[in-house]
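Q: test case, fold it:
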Amino acid sequence: MKLVELENIHLTLRFLGEISPQMVREVATILDKVEFRPFSMRIEGLGTFPEGSRRPRVVWLGVSHGAEEMKRIYEQIEKELRRLGFPKERERFVPHITIARVKWANAELLRVLHELREVIIGDMVVDSIRLKKSTLTRSGPIYETLHEVKARAV
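A: This is a model prediction of the structure:
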C-alpha cells in the first residue's frame, strides 16, 4: 500500500476536475453562501473501494457522528454546482477519508483490513471548508488552498 501523506489527508466534498480561473471564482462564490455551524465529526470505521473486494484499490476511514452535517454541506454545494453545469455525481456522497492506495493485496492485508473495520480514530471539529487545487507530481499530489470558508451561525 501507499499511504496518503499526513499533510494530504482530507475529506473530499466534491471533485471538480480541471476548471478555469473564472470557474474557480464562481465556485468560491458558491462556497461563500454555504451555511453551517462548527460541528464535531467522528472518524470511525475502515473500508475499501471497491467494497468487499478481494482486490481493493483504496482504503478509507468513515465518518459516523457528523456525517449528516457533511451531507447537508455537500447538498448545498452540489445544488449550486449543477446550476453552473457540473454533471451530477455518479455515486451517492458518502463522507470518507482516503488513507491509502493499494498496489496489491494478499490474504494478510485483507485479514488486517477486516479486523480494523470497526476502528475508532476519534473526533474533530469541522469549522471550515476549502476549495483546493491539486497538482499531481511524480512524488505525489501537492494541494493548495484557493479559497476557505469558516463556519458561522446559521
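Q: what's in contact with the helix or strand hosting Leu81?
A: Element membership for Leu81 (DSSP states H and E) is helix 67-83. Contact with helix 67-83 is made by 11, 13-14, 16, 27, 30-31, 33-36, 39, 41, 63, 88-89, 93, 95, 126, 129, as judged by C-beta atoms under 8 Å, 6 or more residues apart in numbering. No exception for glycine: its C-beta is placed from N, CA and C like everyone else's.
Q: let me know the next secondary structure element after it.
A: strand 96-101.
Q: I'd like to know which elements that following strand is packed against.
A: strand 2-3, strand 58-63 (3 or more C-beta pairs under 8 Å, 6 or more residues apart in numbering; DSSP states H and E).
Q: residues of the next helix or strand after it that come out buried?
A: Per DSSP H and E, the first helix or strand lying C-terminal to strand 96-101 is helix 107-115. By neighbour count on 16 or more other C-beta atoms under 10 Å, the buried set for helix 107-115 is Leu110, Leu113.
Q: between strand 58-63 and the following helix or strand past helix 107-115, find me the angle.
A: Counting by DSSP H and E, the element after helix 107-115 in chain order, helix or strand, is strand 120-126. Orientation check (axes from the mean of the first three to the mean of the last three C-alpha atoms, to 10 degrees): strand 120-126 against strand 58-63 gives 70 degrees.
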